[in-house]
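> kindly generate the corresponding structure for this input.
(2 chains)
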2 protein chains.
Amino acid sequence: MRAAYLYGPGDVRVIDVPDPVIRGSTDAVVRVVRACVCGTDLHPYHSMKPTPHGSSMGHEFVGVVEDTGRDVRTVKKGDLVIAPFVWSDGTCDFCREGLQTSCRHGGYWNAGGGQAEAVRVPFADGTLVPVPAEENSPLIPSLLTLSDVYGTGYHAVRAARVTAETTVTVIGDGAVGLMAVLSATQFGARRIILMGRHKDRTDLGHEFGATDVVAERGEEGIAAVRELTGGDGTHVVVEAVGHMPAYQQAVGIVRPGGVISRVGVPQYKDAAVGFGTLFGPNITLTGGPAPVRAYIDALLPGVLDGSVEPGKVFDRETGLDEIAEAYRAMDTRTALKVLVRP
Amino acid sequence: MRAAYLYGPGDVRVIDVPDPVIRGSTDAVVRVVRACVCGTDLHPYHSMKPTPHGSSMGHEFVGVVEDTGRDVRTVKKGDLVIAPFVWSDGTCDFCREGLQTSCRHGGYWNAGGGQAEAVRVPFADGTLVPVPAEENSPLIPSLLTLSDVYGTGYHAVRAARVTAETTVTVIGDGAVGLMAVLSATQFGARRIILMGRHKDRTDLGHEFGATDVVAERGEEGIAAVRELTGGDGTHVVVEAVGHMPAYQQAVGIVRPGGVISRVGVPQYKDAAVGFGTLFGPNITLTGGPAPVRAYIDALLPGVLDGSVEPGKVFDRETGLDEIAEAYRAMDTRTALKVLVRP
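Next comes the predicted model:
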């Protein structure tokens, strides 16, 4: 089959690899219907150490079950399924608590990525969610967001305990930032400031419920949010970027007693957390990789009945063989998020 | 009057200064009945830049109101009062939310400290809490803990949302750490591991509800807590020290999805918060200076009826003129916490 591999910065290739097969009794093999490229994929796309073997890519996909191991119970051949960006056994204490990203037997899609024609899925029962839809359904893009970005934005807002009393700033107008806006709207946040400077994206942010848009960054961006909020900043800041300037911006605009919720994978190890930044004003820092598997049950009904359309974050589609163009388009910000059709 | 001033590392002097007087209409002047020395005082005691003018010390005291400005309504001459370690107007939005440490007109006792015969208290109505007790009451030590350490330990546990399902580790067997143990017991925590190596203190920790004591520090301490908890660490770690090794220890023993709650004033600016420390396992970092004023209403009844005895953290008393000995005793860990009698 064909699969996308990254060999070094900017070097995405689609190569022939062996078809995946059932190895364990809890495996499923899923034929990919749609995958996509994630903002997180851009981090290795920028800075990966070149390797002659390459690294398989992709951690978001919906597909159709082609085969299952003998112990698989909850999905069967022919089912349309959503695959969260981590696989998880579904039975350990962390999975039962809804923290599938810390599953005792789980892992990230670092071996057999979703940007391929098919994927072997370990712990199919714990990982995959069957959905009552066909593979040619117009809902596919929205269902695909449940693989990662919608659940990730939702995680940011949920971890920050947003309520109707809360004001929220979202840093980053990528797909995760926009999904955080949508989620904050669903939690009833009374004000949602979106920081981003791509008008097509912030327009979609308005559609998802953003009440204000701030295009400035850094000190100017901090000043703009403070001006909008009587000098105080907002109760919650969702940091959906992962770079240090975004963290610093979050510290600059969070209200005393408030919460910074990070869902952009941090590209730094250390950050300011002392008296003058987090401690003195009693700021809480939360977030992490979203256990999206835990949220699909809650978010799926709105997608199926069409009351939310998170799939609007996809503004382009390519074939798998043209996926290098998808990376380039997202890297240059000429595309927001690209669907990939094997 | 006599007042304690710090002039540089290890250089505490008791000097004559003018008696405090009412300056604003919301002021009160309070004669100090008992003050004390705080672990936080030891930070400048170690590292303060020498100054010829000195710096007034002390931020915890109970006393008797001697005089009030014309707009003071809730306390009157002769009242025994508890003074939280910050003063606050009691009327701004932050005070109404219970975050008096961020009061729009408040501040720390950095001008006219509590280690003195008397103190001018700004915003007496917002700051002071009158209590139905006499100045010679045996409850005075326990009432004095409501100035800081009891409310601070309580804040750590409350911010971490400890419940009956929660396992807690407390790093630090100083007064704040022991008050965090007491508070975790009050919140019903099902297991409380106290990390400390002074037996008299950890014995008191057991009395306050600690279920386990770990004397090791650093990597050995982390290994010991992990062994006690099946390898996972505890849901909550209260960091009641403020030095980087304690932070690193907290990161090492918090369970995935858990909370590190800091109430030791951090003596560092930056710390590890990246994928490998906080982000990957979805760890929340919370805490800060405790708005103890907000907690006195909840904690006072238990002190007054004797069902809790937080005053047991005081194991020595000195006169004000001998306060340098109190600093030395706390610095050398020969005293846990020292009462000061003007």
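> residue contacts, the nearest residue to A:R226 once chain neighbours are set aside?
Leaving aside its chain neighbours, A:R226 sits nearest to A:G233 (6.0 Å; criterion: C-beta to C-beta, 6 or more residues apart in numbering or on different chains). Quick note: C-beta positions are derived from backbone N, CA and C, even for glycine. Residues near A:G233 by C-beta atoms under 8 Å, 6 or more residues apart in numbering or on different chains: A:169, A:225-226, A:252-255, A:258.
> looking at A:G233 now. What's its pLDDT?
pLDDT recorded at A:G233 is 98.
> swap in A:T40?
87.
> residues contacting the nearest residue to it once chain neighbours are set aside?
Nearest non-adjacent residue to A:T40, counting by C-beta to C-beta, 6+ apart: A:V265, 5.5 Å away. Residues near A:V265 by C-beta under 8 Å, 6+ apart: A:40, A:43, A:242, A:289, B:275, B:279.
> what helix or strand is the second one on?
In this case it means A:H43. helix A:42-47 (DSSP states H and E).
> other SSEs contacting the next helix or strand after that helix?
Per DSSP H and E, helix A:42-47 leads on to strand A:55-56 as the next helix or strand towards the C-terminus. In terms of contacts (3 or more C-beta pairs under 8 Å, 6 or more residues apart in numbering or on different chains; DSSP states H and E), strand A:55-56 is packed against strand A:2-6.
> A:A246 against A:I171, yeah?
Yes: counting by C-beta atoms under 8 Å, A:A246 does reach A:I171; the two are 5.1 Å apart.
> thinking again about what came up before, out of the contacts of A:G233, who's nearest chain B?
Using C-beta to the nearest C-beta, A:R255 comes nearest to chain B of these, at 8.8 Å.
> picking up where we left off before, and the residue nearest to A:T40, what pLDDT?
A:V265 is assigned a predicted lDDT (pLDDT) of 93.
> what backbone torsions are found at it?
The phi/psi pair for A:V265 (degrees, to the nearest 10) reads phi -60, psi 120.
> only the buried residues of stretch A:95-106, if you could.
A:95, A:99-103, A:105-106 (16 or more other C-beta atoms under 10 Å in any protein chain shown).
> what about it, start to end distance?
End-to-end distance for stretch A:95-106: 10 Å, by C-alpha to C-alpha, to the nearest Å.
> next: stretch A:50-62.
29 Å.
> out of the contacts of A:G233, who's the most crowded?
Using other C-beta atoms under 10 Å in any protein chain shown as the neighbour criterion, A:T169 leads those with 32 neighbours.
> can you confirm it is in a strand?
Yes: according to DSSP: H, G, I helix; E, B strand; the rest coil, A:T169 belongs to a strand.
> now do the contacts for A:E135.
A:E135 makes contacts with A:33, A:64, A:80, as judged by C-beta under 8 Å, 6+ apart.
> quick one: what helix or strand has it in it?
Per DSSP H and E: A:E135 is located in neither a helix nor a strand.
> per-residue pLDDT, the nearest residue to it once chain neighbours are set aside?
The shortest distance from A:E135 to any non-neighbouring residue, by C-beta to C-beta, 6+ apart, is to A:V33 (4.7 Å). pLDDT recorded at A:V33 is 98.
> doesn't A:V33 fall inside a strand?
Yes: under three-state DSSP, A:V33 sits within a strand.
> burial count for it?
Residues within reach of A:V33, counting by other C-beta under 10 Å, total 20.
> and the gap between the closest residue to chain B within the stretch 51-200 of chain A and A:E220?
Closest residue of the stretch 51-200 of chain A to chain B, C-beta to the nearest C-beta: A:S102 (3.8 Å). The gap separating A:S102 from A:E220 is 38 Å, by C-beta to C-beta, to the nearest Å.
> with A:R70 instead?
Counting by C-beta to C-beta, the gap from A:R70 to A:E220 is 60 Å.
> give the PyMOL command for selecting the buried subset of the contacts of A:V265.
Selecting only the buried entries of the contacts of A:V265 in PyMOL, with 16+ other C-beta under 10 Å as the criterion:
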select buried, (chain A and resi 40+242+289) or (chain B and resi 275+279)
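> name the SS class of A:R201, please.
helix.
> tell me how far stretch A:304-316 lies from the chain's centre.
Here the centre of stretch A:304-316 is set off from its chain's centre by 14 Å, with C-alpha atoms, centre = their mean, to the nearest Å.
> averaged pLDDT, that stretch. What do you get?
Throughout stretch A:304-316, pLDDT has a mean value of 97.
> can you tell me what sits against that stretch?
A:36, A:131-133, A:139-146, A:149-150, A:175, A:178-179, A:182, A:186, A:200, A:204, A:207, A:299, A:302-303, A:326, A:329, A:335-339.
> straight-line length of it, end to end?
Distance between the boundary residues of stretch A:304-316 (C-alpha to C-alpha) amounts to 22 Å.
> next one: stretch A:136-148
Start-to-end, stretch A:136-148 (C-alpha to C-alpha) is 21 Å.
> now do stretch A:46-58
Stretch A:46-58: ends 15 Å apart by C-alpha to C-alpha.
> buried set for that stretch?
By neighbour count on 16+ other C-beta under 10 Å, the buried set for stretch A:46-58 is A:48, A:54-58.
> got it, and stretch A:38-45?
Neighbour counts over stretch A:38-45 (16+ other C-beta under 10 Å) mark A:38-41, A:45 as buried.
> tell me where chain A has helices.
Residue ranges of the helices in chain A, as given by DSSP state H, are A:42-47, A:93-96, A:124-127, A:140-145, A:149-159, A:175-186, A:199-208, A:218-228, A:244-253, A:292-304, A:323-331.
> tell me which of those helices is the most buried.
Mean neighbour count (mean count of other C-beta atoms under 10 Å in any protein chain shown) peaks for helix A:175-186 among the helices of chain A, with a mean of 30.
> now find how far off-centre that one is within its chain.
Per C-alpha atoms, centre = their mean, the centroid offset for helix A:175-186 relative to its chain is 11 Å.
> now that helix: mean pLDDT?
pLDDT averaged over helix A:175-186 gives 98.
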